[in-house]
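K.L.:
structure for this input, please:
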Amino acid sequence: MKLVIRESGERLGDQIERAYTFWRRLRGLVGRRSLSSGSGLHIQPCKSVHMFFMTCDLDVLHLDKAGVIVGMEHRLQPGRIGAVFEGTRSVVELPAGTLAAAKVELGQTAILEP
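P.N.:
Numbers count the residues shown, from 1 in each chain. Coordinates of the predicted model:
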């Protein structure tokens, strides 16, 4: 899938994987040494993430049911537990630095395209 910010047209990724089953959400990105530019993982349903067993920092977008960004975490480090933002229904994990480089803001809408 592709991930685009509606308001700016900024493309955050063109290789966004889906984690929509229990087992895929449980596994997440565990075991990956890094996340290449343009890649990521959309986890649904999901209210928060953990970084246990991870080896690289990640940016995390928190989306409501309409895809509106209700929270962001920049450079979440391995071993940490992510924040909980009210209204979060899904999250997108992206390479660290992606959100800052694209100047993503709260309230914008993330569109996941096939």
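
K.L.:
which residues touch L58?
P.N.:
The contact partners of L58, by C-beta atoms under 8 Å, 6 or more residues apart in numbering, come to L29, L35, V49, M51, E73, R75, L76, E93, L94, P95, A96. To be clear about C-beta, it is placed using only N, CA and C from the backbone, and glycine gets the same treatment.

K.L.:
so which of those is surrounded by the most neighbours?
P.N.:
For these, the largest neighbour count, defined by other C-beta atoms under 10 Å, is 27 neighbours, found at E93.

K.L.:
hey, what's the closest residue to L76 other than its chain neighbours bridged with?
P.N.:
If you skip the residues right next to it in sequence, L76 has L58 as its closest partner in space, 5.2 Å away by C-beta to C-beta, 6 or more residues apart in numbering. Per DSSP bridges, residues listed as beta-bridge partners of L58: L76, P95.

K.L.:
give me the buried stretch members for stretch 1-19, please.
P.N.:
Along stretch 1-19, these residues count as buried under the neighbour rule (16 or more other C-beta atoms under 10 Å): L3, V4, I5, L12, G13, I16, A19.

K.L.:
who are the packing partners of the helix or strand bottoming out on mean pLDDT in the chain?
P.N.:
When the helices and strands of the chain are compared on mean pLDDT, DSSP states H and E, helix 22-27 comes out lowest with a mean of 86. With contacts taken as 3 or more C-beta pairs under 8 Å, 6 or more residues apart in numbering; DSSP states H and E, helix 22-27 sits against strand 15-19.

K.L.:
tell me the strands beside the strand it packs on, with direction?
P.N.:
Each strand pairing with strand 15-19, determined using DSSP bridges, is listed with its direction: strand 39-43 (parallel).
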